[in-house]
Each structure stands twice: as C-alpha cells, then as structure tokens.
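K.L.:
Need coordinates for the below:
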Amino acid sequence: MTAGAWMSGGVVAVTIALWATARLPEYLVALLFFTAAAVLHLAPPDVLFSGFSSAAFWLVLSGFVLGAAIRKVGLADRLARRMANRLMGSWPRMVGGVVLLTYGLAFVMPSNMGRIALLMPIIMALADRAGLAEGSRGRIGLALAVGFGTFQLSASILPSNVPNLVMAGAAESAFGIHFSYLPYLLLHAPILGVLKGLALVVCLCLLFPATLQANATEEPVSPLSAAEKRLGVLLLATLALWMTDSLHGISPAWVGLASACICLLPRIGFLNGEEFAAGVNFRTCIYVAGILGLAALVNHSGLGAIMGTWLLHRLPIDPASPGGSFGALVALTSALNFTVTANGVPALFTPLAQPLAQASGLPLLTVLMVQVIGYATPLLPYQASPIVVAMGMARVPARDGIRLCLALAAITFLVLVPLDYGWFKLLGLIPL
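P.N.:
Sure, this is the predicted structure:
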C-alpha cells in the first residue's frame, strides 16, 4: 500500500467509526471527512465531492421537496385516511401492511429514493392518525419499515435497486452474462423478498412496540381541493416517467428534480421559500453526499481493490466444501459493504467473481448472485443511502436504525443464508 492509501484508509476508518457510534451528528462527520480528505489531498475535488453531482443526491433533495408538498396540500393525510381504515386493526397488521406496500411498489417504480419520497409523508400521516406522536417507538418503527422495506426487499427485483443495476452492468461488460427478470426474481424473491419481509415485520414489532389509538368515528370524505388535484396530476406524471425510464432514458433523479422545481414555482407550485427551507433536511443531503464521496475515495485510492485482493487470499473457500464457500462469499460482500457501501460492492466484487469461482468450485453465475445477499443486508445504516434518507425524513435517531440493522442482519446470516444455500442448490446453481 502507498502512503496515500494508508492515509485514505485511516480517514475512512475514522469516518466509519464515527458514523457507526453516532458520537457526532452524521452531517458533521461528513463535513469533517470532506475537510480531512481535501486538506490531505487524498483525492481531486471532482472525486471527493462527486456525491454532490450524483443523481442520488439530487433525487434525495427533490424527494424532500415532493414530500413537503404532499404534506402541505393535505394529500398525505387523505391517502393515510384511506389506508388507516384497512390497517388500524392491530400493530402487526399496520407494520405488515406498510412493509407489503414498500415491496409491492418496488415492482412498478424503479427508484428507491423515489419510493421513499412518495411513501414517507403518507406513512407519517398514517402515524398521526394512529396516535403515534413525534419521537414515539411506533412512529420510528413505521419510518424504518419504509426505509428497510424499500431498500432491502427491492434487492430481489432486478431493476428496482441501484446495486442490482451496477452488478448487472458489470457482469455483462466483464463476462457477457445477461440477467433476465423472471429467473432473477425466482432466485431471490422467496428468501430475500418474502421471508426477509416477514423477518422485518417481526423485528419491527418486537423492537418498536406500539399501541394504536382507537378511532371509531368515520370522518366524512371531502372533495379534492384544486391544489390536491394539481399535485396529484404531477405525482402521476412523475410516477409514470419513473416507471418508464428505460424507454425515454431520463434518469429518475432528473425527473424528480423537474417535479420539485414545479412545486417551487410561484403561483403554479405549492411551496414558498420558507417552506422549502423547512421541508428539505439539508443535513441528510450532506450525509448522503459524504457517503458517496467516501465510496469514491475508496475506489480512487485503490483501497477497495487492495482490500478485496487481501480478503480473497484469506477466505476459507474450498471446492470440497460448497456450503462453507457460499458463507465465505456472503461474508466477503458484507465486509466490502463497510468501505464502499452497497452501491459500490458490486462494482468491486464483480471483477473478482472469476477467481472466486475458480477457487471455490462454484459456478460463475452462483458467485455473482451470492453478492446480492451481502449488499442487501447492511450492518449499519450508512451502508445503504435509501435507509439514511428515510431516517432523515422521519428524524429517526441513529441508534434505532443501528439496532434494526443488527437484528435483521443476525436473522439473515443465521437463518436466511442457510435457506438461500438450499434454494440455490434446489435450482441447480450449486452442484449436488
């Protein structure tokens, strides 16, 4: 390792430790990271601050604007009122309904950030109607249901998750392998979609218990206001463009940004300058830019490649033990997740797939598919920026996100990974 790689490694390690322990506010840690990396000349500014020019950053910001507009015009409360009639029966029913909604929406809407921007204000209005006050355990649980359900479960649907798309592109360019929608769904949906969704519901109900406020009176349904109608049309158009991004080629981020600009236009839009400042959580935007900048620094410094090669030579993989090799590959992707975060794992892991397949005796396709389990199971919230955004929108304390991450990861590694191994073998991806 060069001196620059050692210094980059030190800065990355300290940044991750501060995010993991929540000893300082997450946005301050991001600013300190930018400062240290810039002062030490660890990367050019266009690399270090690439998070601010990324599509993810602008989709996060536009998501906050759309969410604020949905809340202001009353559309969030109207939709929450309709949902409440079906989900008010019990706390597990409400949590399960929200998790199911996040998973179902992933089939028709490709953007994690867009789904969170659309759902969070509605679910927070649902929490208000259920009597879950700001900062209560139940309200935090519903917010985490949106964040974790949106990111983790969507990994089982090929076009609905950014790491999936990175992996598919890298595998096609490196090995000429093209993933198909239905075979990918069959491989991952039963375990990483359905069973993991059930595990998420159980964790949320146990870690964030809540009592719903009884609401026996039915409120009369008022007609849609002019503002609600205009915003509804805008949201439908935005959703249609998000769902058809593969046809028109416009990134979901720029679609969201255009919609946010319309929301801010005088007389036409829905928010003024003060409401824009109050509705956008800029500390979360800085945090997301910091996560993306950290991943860019790891790749630029060569630290990711060094770490991947080092781990490759120390993994307990053996052609005679396919089960052990399967578990070791999951552990490798989880370890890479600490430094390059979920979006960067497939870019780093996929080029290593060929030597890993040769060393483990597993088919190349199997090695490529194993990484989905690892990057879809973050051990800390910062490893998945959609979870960070969801926590920021609902003002969820970092310790609660960490608790849920660790609980769900424990269930995944102890229960779901062995089930995944059996499912891979049943489908013929692991030789009998």
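
K.L.:
Tell me how many other residues surround residue 274.
P.N.:
Neighbours of residue 274 under the rule other C-beta atoms under 10 Å: 8. For glycine as for every other residue, the C-beta is placed from the backbone atoms N, C-alpha and C.

K.L.:
Which SSE is immediately downstream of the helix or strand hosting it?
P.N.:
Assigned by DSSP states H and E, residue 274 falls within helix 273-279. Scanning forward in sequence from helix 273-279 by DSSP H and E, the next helix or strand is helix 282-301.

K.L.:
Give the rounded mean pLDDT of the helix or strand following that next one.
P.N.:
Per DSSP H and E, helix 282-301 leads on to helix 303-312 as the next helix or strand towards the C-terminus. For helix 303-312, mean pLDDT is 72.

K.L.:
Can you pull out the low-pLDDT segments for the stretch 151-300 of the chain?
P.N.:
For the stretch 151-300 of the chain, residues meeting the criterion pLDDT under 70 lie at 173, 214-221, 243, 245-246.

K.L.:
Now do the helices in it.
P.N.:
Secondary structure of the stretch 151-300 of the chain by DSSP state H, counting those that start in this stretch: the helices cover 162-175, 181-188, 196-207, 226-243, 245-248, 252-264, 273-279, 282-301.

K.L.:
picking that back up, chain center to the helix holding residue 274, what's the gap?
P.N.:
For helix 273-279, the gap between its own C-alpha mean and the chain's C-alpha mean amounts to 25 Å (C-alpha atoms, centre = their mean, to the nearest Å).

K.L.:
Go through that helix and flag the buried ones.
P.N.:
275-276, 279 (16 or more other C-beta atoms under 10 Å).

K.L.:
Residue 96: which of the helices of the stretch 151-300 of the chain is closest?
P.N.:
Smallest distance to residue 96 across the helices of the stretch 151-300 of the chain (C-beta to C-beta): 4.9 Å, for helix 196-207.

K.L.:
mean confidence for the helix or strand hosting residue 18?
P.N.:
Assigned by DSSP H and E, residue 18 belongs to helix 3-21. Averaged over helix 3-21, pLDDT sits at 83.

K.L.:
now do stretch 420-432
P.N.:
Throughout stretch 420-432, pLDDT has a mean value of 91.

K.L.:
Start and end of it, how far apart?
P.N.:
15 Å (C-alpha to C-alpha, to the nearest Å).

K.L.:
Enumerate the positions of that stretch that are buried.
P.N.:
Under the neighbour-count criterion of 16+ other C-beta under 10 Å, stretch 420-432 has 420-421, 423-425, 429-430 buried.

K.L.:
Put together CSV for those, with secondary structure and distance to residue 28 on each row.
P.N.:
Formatted as CSV, the buried residues of stretch 420-432 follow (DSSP: H, G, I helix; E, B strand; the rest coil; distance: C-beta to C-beta, whole Å):
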residue, secondary structure, distance to residue 28
420, helix, 38
421, helix, 42
423, helix, 43
424, helix, 43
425, helix, 47
429, coil, 45
430, coil, 46
